[in-house]
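Enquirer: Here is my input, please return the structure:
(chains A and B)
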2 protein chains.
Amino acid sequence: VRNIKLEIEYDGTHFYGWQIQGNTEQRTVQAEIEKALKQILNEDVKIIGAGRTDAGVHAISQIANFLTQGNFSTSIIKKALNAVLPDDIVIKSVTEVSQDFNSRFSAIKRKYRYIISLEPTAIERGFCWEVKYKIDVELMKSASVYLLGRHDFSSFCPRDFERENRFCDVKEVSFKKKSGRLIFEITADRFLRNMVRAIVGTLIDVGRGKIPVSYFKEIIDTKDRTKAGKTAPAQGLFLVKVYYK
Amino acid sequence: VRNIKLEIEYDGTHFYGWQIQGNTEQRTVQAEIEKALKQILNEDVKIIGAGRTDAGVHAISQIANFLTQGNFSTSIIKKALNAVLPDDIVIKSVTEVSQDFNSRFSAIKRKYRYIISLEPTAIERGFCWEVKYKIDVELMKSASVYLLGRHDFSSFCPRDFERENRFCDVKEVSFKKKSGRLIFEITADRFLRNMVRAIVGTLIDVGRGKIPVSYFKEIIDTKDRTKAGKTAPAQGLFLVKVYYK
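Expert: Got it, this is the predicted structure:
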């Protein structure tokens, strides 16, 4: 049995997220790739993704792996997948990895990017959140520092989130301003559902002056979702990179 | 009568170009804006665009102007237009200009950008041309120098192109390579129909080694469309800037 690793880019606009849902009528990235693999390998394969992106969220570099009995070369698998897959999914690379590699559990950290547009845009409207308020980026930067380190991030995930462990170790946060766009990046060992979007929604409230910087720290500490801001829209979010040892 | 200048961004994907065609069923940017203006000003206005982009071509900054009897402030016109227009058109600015300003005839030069992707992409697939061949960018750069200056560009426009004067003065050309993308920019006093796309298609043939650099100059000199390469797809092209005195 061989273990095959995929690097995947997708435009999340027309997907109900990465993961196959109970409702198999809903288009998911995982299902599209598994269907394509079945067609190519003539084998039922199950792929494991490193980041289970939500509906509408994009990936510049999602990682997944699967086990196969087949002996196609990795370059043939790549070509065949890109030929069969719809054009909102692109396989960037296919490599054979050791048996113990698991794209999800071997990952040591993930990086997400959130793009806020400070002006209306027609061309990039599907790939950013257009924020019409006047915002003070310096306030947002100051608040974002409180995210660094290991915290219980219950304030930034749905109250009914299925996992008990809500601790994440945030390794890096950054803001860049570039021609009308504000680009927020965050790297952590793991992320809870909706976490980046809830953080961005709350940071925007800080930038607008609705929430003082010091209160942003309190929001984290209360572990209470109702204290944080709205969940920012999915179309501004990108899974950018998954890190392995 | 006031003369109003618009700066417009659009995603050309779902438009039959800028200009209203004989077939009014076809969605055009000009028609959408005129319809919106009629609704706002309660007046039939005709807008003049600086660059008549083809079907599928995008604009980061198209310029248009129109005359109106109305006395709405420019900021109200901007807000009302953006409220009424579909989301693939954005009005970036509205200013009142002198009576003799004509967005088309007052323009002294235009800049177009063409984005070539050197790798498959899901996210930007509607905004570039994916070129699968190995290309030598240095060859393309060398050839592109022959474009500079005043030439008859008949080789790069349709044979049945309606205008007799096919002279254009190319002021600037540049190539930039940036994370898997090759960005070509060209600035000229005027452009013929399909000109940038025919130039890009031919430059790609140079990059692939199908056409020698020296022959590229000959193609210009022959004024024969059949000697040049294919017209590159519309979705990679952007009208970037229109210059006025």
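
Enquirer: So which residues on chain A come close to chain B?
Expert: A:9-11, A:58, A:60, A:82, A:87-90, A:92, A:119-123, A:125, A:127, A:238 (CB under 8 Å from any CB of the partner chain). For every residue, glycine as well, the C-beta is placed using N, CA and C.

Enquirer: average model confidence for the helix or strand harbouring A:Leu139?
Expert: Element membership of A:Leu139 [criterion: DSSP states H and E] is helix A:137-144. Per-residue pLDDT values across helix A:137-144 average out to 97.

Enquirer: Sheet-wise, list the partners of the following helix or strand past it with their directions.
Expert: Remark: after helix A:137-144, the chain's next helix or strand is strand A:149-152, criterion DSSP H and E. Strand A:149-152 pairs in its sheet with strand A:167-178 (antiparallel), by DSSP bridges.

Enquirer: Touching the strand it pairs with from outside, list them.
Expert: A:109, A:111, A:137, A:140-141, A:144-145, A:147-153, A:182-192, A:195 (CB atoms under 8 Å, 6 or more residues apart in numbering or on different chains).

Enquirer: Partner strands of the following helix or strand past it, with direction?
Expert: Next helix or strand after strand A:167-178 toward the C-terminus (DSSP H and E): strand A:181-188. Strand A:181-188 pairs in its sheet with strand A:107-117 (antiparallel), strand A:167-178 (antiparallel), by DSSP bridges.

Enquirer: Surely A:Ile219 is in a strand?
Expert: No: under the criterion used here (DSSP: H, G, I helix; E, B strand; the rest coil), A:Ile219 is helix, not part of a strand.

Enquirer: how deep is the closest residue to it other than its chain neighbours tucked in, by neighbour count?
Expert: Of all residues not flanking A:Ile219 in the chain, A:Lys227 sits nearest, at 4.7 Å (CB to CB, 6 or more residues apart in numbering or on different chains). Counted by other CB atoms under 10 Å in any protein chain shown, the residues lying close to A:Lys227 total 16.

Enquirer: Please apply the same query to the one 5 residues further on.
Expert: Residue crowding around A:Ala232 was assessed by other CB under 10 Å; the count is 23.

Enquirer: List the contacts of it.
Expert: A:Ala232 neighbours (CB under 8 Å, 6+ apart): A:114, A:129, A:197-198, A:200-201, A:204.

Enquirer: So it versus chain B, what's the distance?
Expert: Noted for A:Ala232: a distance of 18 Å to chain B, by CB to the nearest CB, to the nearest Å.

Enquirer: what do you get for A:Leu139?
Expert: Noted for A:Leu139: a distance of 27 Å to chain B, by CB to the nearest CB.

Enquirer: which ones are touching that residue?
Expert: A:Leu139 touches A:206-207, A:209, A:213, counting by CB under 8 Å, 6+ apart.

Enquirer: same deal with A:His58?
Expert: A:10-13, A:127, A:235, A:237-239, B:123.

Enquirer: could you pull out the helices for chain A?
Expert: Taking DSSP state H as the test, the helices found in chain A are A:29-41, A:74-84, A:137-144, A:195-207, A:213-222.

Enquirer: Highest average neighbour count across those helices: which stretch is it?
Expert: Comparing these by mean neighbour count (mean count of other CB atoms under 10 Å in any protein chain shown), helix A:195-207 ranks first with a mean of 24.

Enquirer: ok, A:Thr13 - how many residues close by?
Expert: Counted with other CB under 10 Å, A:Thr13 comes out at 16.

Enquirer: what's the closest of the helices of chain A to A:Asp54?
Expert: helix A:195-207 (7.9 Å; CB to CB).

Enquirer: Other residues contacting that closest one?
Expert: By CB under 8 Å, 6+ apart, helix A:195-207 touches A:54, A:112, A:114, A:116, A:129, A:131, A:133, A:135-137, A:139-140, A:143-144, A:147, A:153, A:155-157, A:168, A:184, A:186, A:211-213, A:216, A:219, A:225, A:228-234, A:236-237.

Enquirer: repeat that for 6 Å
Expert: Applying CB atoms under 6 Å, 6 or more residues apart in numbering or on different chains, the contact partners of helix A:195-207 are A:112, A:114, A:135-136, A:139-140, A:143, A:153, A:156-157, A:211, A:216, A:228-232, A:237.

Enquirer: and if you look at stretch A:16-27?
Expert: With CB under 6 Å, 6+ apart as the criterion, stretch A:16-27 contacts A:15, A:28-31, A:49, A:52-55.

Enquirer: So which of the residues you listed wins on neighbours?
Expert: That'd be A:Val29 among the contacts of stretch A:16-27, by other CB under 10 Å, with 30 neighbours.

Enquirer: if I look at A:Cys157, how far off is A:Arg225?
Expert: 7 Å (CB to CB, to the nearest Å).

Enquirer: which of these two has more neighbours?
Expert: Shown here are A:Cys157 and A:Arg225; by other CB under 10 Å, A:Cys157 has more neighbours (23 against 19).

Enquirer: right, and that one touches A:Leu192 too?
Expert: Yes: applying CB atoms under 6 Å, one finds A:Cys157 in contact with A:Leu192, separated by 3.7 Å.

Enquirer: sorry, back to before: which one among the contacts of A:Ala232 gets closest to B:Asn3?
Expert: For these, the minimum distance to B:Asn3 (CB to CB) is 35.4 Å, reached by A:Trp129.

Enquirer: follow-up on the earlier one: so which of the residues of chain A next to chain B sit within strands?
Expert: A:9-10, A:58, A:60, A:89-90, A:92, A:238 (DSSP state E).

Enquirer: Turn the strands paired with strand A:181-188 into CSV, including mean pLDDT and mean neighbour count.
Expert: Below are these laid out as CSV (pLDDT from 0 to 100; neighbours: other CB atoms under 10 Å in any protein chain shown):
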stretch, mean pLDDT, mean neighbour count
strand A:107-117, 98, 20
strand A:167-178, 96, 15
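
Enquirer: which stretches of chain A have low pLDDT?
Expert: Scanning chain A for pLDDT under 70 picks out nothing.

Enquirer: What distance do you get for the residue in chain A sticking out farthest from the centre to chain B?
Expert: Most distant residue from the mean C-alpha position of chain A: A:Asn71, 31.5 Å away (CA atoms, centre = their mean). Computed as CB to the nearest CB, the A:Asn71 to chain B distance reads 25 Å.

Enquirer: Please report how far the closest residue to that residue other than its chain neighbours lies from chain B.
Expert: Nearest residue to A:Asn71, sequence neighbours excluded (CB to CB, 6+ apart): A:Arg2, at 7.7 Å. Per CB to the nearest CB, A:Arg2 is found 24 Å from chain B.
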